[in-house]
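>>> please find the sequence and the predicted model below.
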Amino acid sequence: GASEWMSPEVKEILKSATDLVGYKTYLDLVGNLADGKRRHESDNREEIARATMALDLATQGRYVVIVSSGDPGIYAMAAAVFEVLDHHAKPEWDSIDIHVAPGISAMQAAAAAVGAPLGHDFCAISLSDILKPWSIIEQRIAAAAQADFAIAFYNPVSKERTWQLTAARNILLQYRTPDTPVVLARNLGRPGQTVKVITLEELAPAAADMRTIILVGSTQTRTIERSDGTISVYTSRRYSKVLSAEC
């Protein structure tokens, strides 16, 4: 995202680094803080190999930074590092000091750009079925919708995955009205950033890609049309609806 979203802690870490590891697009976002560092670029899907390489570099006495966009602990590389430590441990890795530096996640940036749609209870769900089966994803969507969470959808559409977003919308429409506010936020903090508010019934695969995060409101989410024509979206902290279910 935007350089001003980078925390002072992260800037100091990057200044001290000898090696930067990550997906090329994310390494490019580091800007001049990458000057003089060894760059180790890899494809976005090579997460386990990337984490393994970073740990191996650290055992050589290098100060290694694995770069993610957003927050490294949310659908990003921090989990991959600990997964490798858990399942592929090497004795020489025991002495490595591992630190996760928090950042601004896409759902936070999207919410801030349009108001406060995550102002009450919410959850995040990735629509990618590469690492988990669709049956689990649809179960979680239904559970979150029935519980009336606002929902942040990560990885909504890719070139290979186009039907999942429609399926998610159809599940949500069983529990949400068609006019439920939906926020489409793309390229957050980058050139070409766009933030658009539509309704749930308008949500379609053509409206999103992998650089888009989607926020779907709860029953308590409202839109406000401002005098300048812009639309703000918020979810009230005061809950006015009582949910009931048959057992």
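Yep, it's here. Numbers count the residues shown, from 1 in each chain.
>>> show me where this protein has its strands.
19-23, 38-42, 64-66, 115-116, 122-126, 150-154, 181-186, 194-199, 212-216, 221-225, 231-235 (DSSP state E).
>>> want to try a markdown table for these, with mean neighbour count and distance to L165 as columns?
Every residue, glycine included, has its C-beta placed from N, CA and C. Listed next are the strands of the chain as a markdown table, based on neighbours: other Cβ atoms under 10 Å; distance: least, Cβ to Cβ, whole Å:
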| stretch | mean neighbour count | distance to L165 |
| --- | --- | --- |
| strand 19-23 | 22 | 23 |
| strand 38-42 | 15 | 27 |
| strand 64-66 | 24 | 29 |
| strand 115-116 | 18 | 23 |
| strand 122-126 | 18 | 12 |
| strand 150-154 | 24 | 8 |
| strand 181-186 | 24 | 11 |
| strand 194-199 | 16 | 13 |
| strand 212-216 | 25 | 8 |
| strand 221-225 | 15 | 19 |
| strand 231-235 | 20 | 19 |
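>>> adding distance to S135 and mean pLDDT, write these out as a markdown table.
Output for these, formatted as a markdown table (distance: least, Cβ to Cβ, whole Å; pLDDT from 0 to 100):
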| stretch | distance to S135 | mean pLDDT |
| --- | --- | --- |
| strand 19-23 | 29 | 96 |
| strand 38-42 | 30 | 93 |
| strand 64-66 | 31 | 98 |
| strand 115-116 | 33 | 98 |
| strand 122-126 | 14 | 98 |
| strand 150-154 | 17 | 98 |
| strand 181-186 | 24 | 98 |
| strand 194-199 | 28 | 97 |
| strand 212-216 | 20 | 98 |
| strand 221-225 | 28 | 96 |
| strand 231-235 | 29 | 97 |
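>>> quick one: low-confidence parts of the chain?
241-247 (pLDDT under 70).
>>> helices of that one, start to end?
Ranges of helices in the chain, per DSSP state H, are 8-16, 24-29, 47-59, 77-87, 106-114, 134-146, 164-172.
>>> buried deepest among those, which one?
Mean neighbour count, computed with mean count of other Cβ atoms under 10 Å, is highest for helix 106-114 among these, reaching a mean of 21.
>>> for that one, packing partners?
Using 3 or more Cβ pairs under 8 Å, 6 or more residues apart in numbering; DSSP states H and E, the elements in contact with helix 106-114 are strand 150-154, strand 181-186, strand 194-199, strand 212-216, strand 231-235.
>>> any chance of those strands in JSON lines, with distance to A112 too?
Shown next, in JSON lines, are the helices and strands packed on helix 106-114 (distance: least, Cβ to Cβ, whole Å):
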{"stretch": "strand 150-154", "distance to A112": "13"}
{"stretch": "strand 181-186", "distance to A112": "10"}
{"stretch": "strand 194-199", "distance to A112": "10"}
{"stretch": "strand 212-216", "distance to A112": "11"}
{"stretch": "strand 231-235", "distance to A112": "11"}
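>>> about what we covered before: can I get the strands of the chain in TSV including distance to E92?
TSV is the format used below for these (distance: least, Cβ to Cβ, whole Å):
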stretch	distance to E92
strand 19-23	17
strand 38-42	18
strand 64-66	14
strand 115-116	47
strand 122-126	33
strand 150-154	34
strand 181-186	42
strand 194-199	46
strand 212-216	38
strand 221-225	50
strand 231-235	48
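>>> so which of the ones you listed gets nearest I136?
Across those, I136 has its closest neighbour in strand 122-126 (10.0 Å, Cβ to Cβ).
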